[in-house]
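Chemist: Here is the input, now give the coordinates:
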Amino acid sequence: MDKKVLGEQQIFREFSRWLKLNHDISIGDIRTAIAEKERSFFIPVSIITSELGILESVVKYLREIKGLKFSEIGLLLKRSPIALSSTYRSSKRKFPTGFAEYFLAQSDYDIPVDVFQDRVLAPLESVVVYLKDKKVLRFARIAELLKRDQRTIWTVYKRAKIKGK
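Modeler: Residues are numbered from 1 along each chain as shown. Below you'll find the model as predicted:
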């Protein structure tokens, strides 16, 4: 093994010991914190309702559950904060109640926020392509998760593929 790699491993072990002794932080604690931070940039599929569009559901979740400002949501989604505030107001009109813990606890799948950064595809197209291609779900299961008709999901997926994704 390379001397540089061995040296880096030794430094890492010493740093790990120092964290444990001085701050009672283990490597497992660090891994857990990183996993929680990464998970915070995922959207649970369970928040998607038939009453709201995909983007409305996402913005409502990020605003109400994660407590983000529109400027922060705009950075995450690569969209205008002003447009997102309008989207949020629309979501509140259509679905005035907040997301119940039931919605959040029921999520089988999470969608990375960066899926919504692609402006070539509509939000619904982005989610369907992600669930079909990355999670390898059947159209029927995607339709069930997104509370949409199976034929709609198939059409949306085919349309997204034509767009070049």
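Chemist: Just after the lowest-mean-pLDDT helix or strand in the chain, pick out the following helix or strand.
Modeler: Lowest on mean pLDDT, DSSP states H and E among the helices and strands of the chain sits helix 101-105, with a mean of 60. As assigned by DSSP states H and E, the chain's next helix or strand after helix 101-105 is strand 110-112.
Chemist: Give the other helices and strands that the next helix or strand after that following strand contacts.
Modeler: Per DSSP H and E, strand 110-112 leads on to helix 123-129 as the next helix or strand towards the C-terminus. Packing partners of helix 123-129 (3 or more C-beta pairs under 8 Å, 6 or more residues apart in numbering; DSSP states H and E): helix 54-60, helix 139-146, helix 150-162. Where you see a C-beta, it was placed from the backbone N, CA and C, and this is true even at glycine.
Chemist: Against Ala83, how distant is Val45?
Modeler: Taking C-beta to C-beta, to the nearest Å as the measure, Val45 falls 23 Å from Ala83.
Chemist: Compare those two (neighbour count), which wins?
Modeler: Val45 (22 against 14; other C-beta atoms under 10 Å).
Chemist: The more buried one is in contact with Pro112, isn't it?
Modeler: No - with contact defined as C-beta atoms under 8 Å, Val45 does not reach Pro112; the gap is 11.7 Å.
Chemist: picking that back up, mean neighbour count and mean pLDDT for the helices and strands packed on helix 123-129 - can I get that in TSV?
Modeler: Output for the helices and strands packed on helix 123-129, formatted as TSV (neighbours: other C-beta atoms under 10 Å; pLDDT from 0 to 100):
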stretch	mean neighbour count	mean pLDDT
helix 54-60	24	95
helix 139-146	18	96
helix 150-162	16	96
